[in-house]
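Novice: next one to model:
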Amino acid sequence: MQNVLDGLRVVEGSAFVAAPSGGMTLAQLGADVIRFDPIGGGIDHHRWPLTADGTSLYWAGLNKGKRSLQVDVRSEAGREVLSELICAPGADGGIFLTNFPAAGWMGYEALRARREDLIMLAIIGNHDGTTAVDYTVNCAMGYPMVTGHVASGPDGDIVGHDEHRPVNHVLPAWDVICGQTAAVGLLAAERRRSRTGEGRLVTLALSDVALGVVTALGHVAEAQILGTERPRIGNDLYGALGRDFRCSDGRRVIAVAISPKQWQALCAACEMAGAMADLEAETGLDLARSEGDRFQARRRIFEAVEDWCAGLTFAEVADAFDRHGVCWGPYRTFGELVADDPRCSVANPLFAPVDHPGVGTVLEARSPLRFGGLALDDPAPAPRLGQHTDEVLAEFLGLSDTEIGRLHDAGVVAGPHG
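Specialist: Modelled structure (predicted):
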């Protein structure tokens, strides 16, 4: 089979989530992504969750499909090896992705002196070069102040966000989005190089990624134009209708009615069309056509859905929702997702079983992109640390077995067994 990025070569110097996920995205589409790490592994090589023998499931998941090179990055000889690798010739090479400090030997100008058309994407914390990580970016973007359970005052009104501790989101969303943006940035720079022959330094600030999203979703304009602070509303959808509901057996579901069709389906499934018509007559709201009106009336609507769900088991609610075409979903733990959801199985062409060294056989995902008529390769396992050291040095630097042996003896590089 042939992947869409076959032949493209990317060298990755990275840690944590943003840069590795960007490289993984390209590797899933067929790019040859060569990740280098210090001998013994970098600071993310043993991040949780870990297997019983200490293998990082986190590292395995973010590095699947890549090749691995172990190099003594502190030594002059190790840096020379990496500089040559990053700038190795070939129309599909000369592409470097990193979130390490882009200075000294790893600075763009130093590397560009070896290859004029070098493409380098450097992920930084803030646009001014100061440090930031997902957690410090997220707290400043406003979302933790509107996340969490609702508390009501004596009159039933929702208490403002400043009355509560912020609630952090457990998904490193900005890192993940930054990784996808990095992949797009590299492909955009590579397209420009293919047309003009020019390389480029691309700088991507994690906080700028978050600020771009906050702006696109209207939060900045909301603060500037409306001068309001959004209240904390728990699991309610802002400006539309949706929330979690408890079934008689304790299972929870979310039901969403954003479009008129979704609203009609929810009314039919919950047998509340008549009651909602009465509510429209009482309030003058257009529940059938306006998601904003449904949001305003959500407490009354939720009461009806709550009463209906409370009298039925999860299976009964699911059956009714499916029969009427309700937009809904079940709440699950990670374990329940794996055990119960056919979308998280080989029944979904996204997945295939992959045997990761040191981990075992687990479900892994191909790229979620579907290219009509082109079948993507099965997902590949993450490499063992240093698994491809010798073959990379031979393939791209042209080193002989003897020369590679000398680098091993000098401690400049290492293979999978040190």
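Novice: G415 versus the nearest residue to R74 once chain neighbours are set aside, what's the distance?
Specialist: Once flanking residues are discounted, R74 sits nearest to P38: 7.6 Å by C-beta to C-beta, 6 or more residues apart in numbering. Glycine gets a C-beta too; all of them are placed from N, C-alpha and C. For P38, the distance to G415 (C-beta to C-beta, to the nearest Å) stands at 14 Å.
Novice: again, but for L171
Specialist: According to C-beta to C-beta, L171 stands 35 Å off from G415.
Novice: more neighbours: which of those two?
Specialist: Each of L171 and G415 has its neighbours counted (other C-beta atoms under 10 Å); G415 has more, 18 against 10.
Novice: wait, that one sits on Q70?
Specialist: Yes: the pair G415 and Q70 passes the contact test of C-beta atoms under 8 Å, sitting 7.1 Å apart.
Novice: which neighbours do these two share?
Specialist: Contact with both G415 and Q70 is made by residues 386, 389, according to C-beta atoms under 8 Å, 6 or more residues apart in numbering.
Novice: what are the ranges of the helices in the stretch 51-200 of the chain?
Specialist: 57-62, 76-86, 108-112, 134-140, 173-196 (DSSP state H, counting those that start in this stretch).
Novice: same question for the stretch 301-418 of the chain.
Specialist: In the stretch 301-418 of the chain, the helices defined using DSSP H, counting those that start in this stretch lie at 314-324, 334-340, 389-397, 401-409.
Novice: sorry, back to before: quick one, which of the helices of the stretch 51-200 of the chain is nearest to P357?
Specialist: Closest to P357 of those is helix 57-62 (C-beta to C-beta; 8.5 Å).
Novice: which strand residues bridge the closest residue to G90 other than its chain neighbours?
Specialist: Nearest non-adjacent residue to G90, counting by C-beta to C-beta, 6+ apart: R9, 6.7 Å away. Counting by DSSP bridges, R9 forms beta bridges with D32.
Novice: how far away is R9 from A183?
Specialist: 14 Å.
Novice: flag the shaky bits of the stretch 301-418 of the chain, pLDDT-wise.
Specialist: Residues of the stretch 301-418 of the chain that meet the criterion pLDDT under 70 lie in 418.
Novice: can you give me the strands for this protein?
Specialist: With DSSP state E applied, the chain shows strands at 9-13, 32-38, 67-71, 95-98, 119-124, 200-205, 241-246, 252-257, 327-330, 351-356, 360-365, 413-414, listed in chain order.
Novice: as TSV, those strands with mean neighbour count and distance to I177 would be great.
Specialist: Listed next are those as TSV, based on neighbours: other C-beta atoms under 10 Å; distance: least, C-beta to C-beta, whole Å:
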stretch	mean neighbour count	distance to I177
strand 9-13	25	18
strand 32-38	24	19
strand 67-71	25	25
strand 95-98	25	16
strand 119-124	24	12
strand 200-205	19	11
strand 241-246	19	23
strand 252-257	19	22
strand 327-330	18	22
strand 351-356	16	23
strand 360-365	15	17
strand 413-414	24	34
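Novice: fine, thanks again, bye for now.
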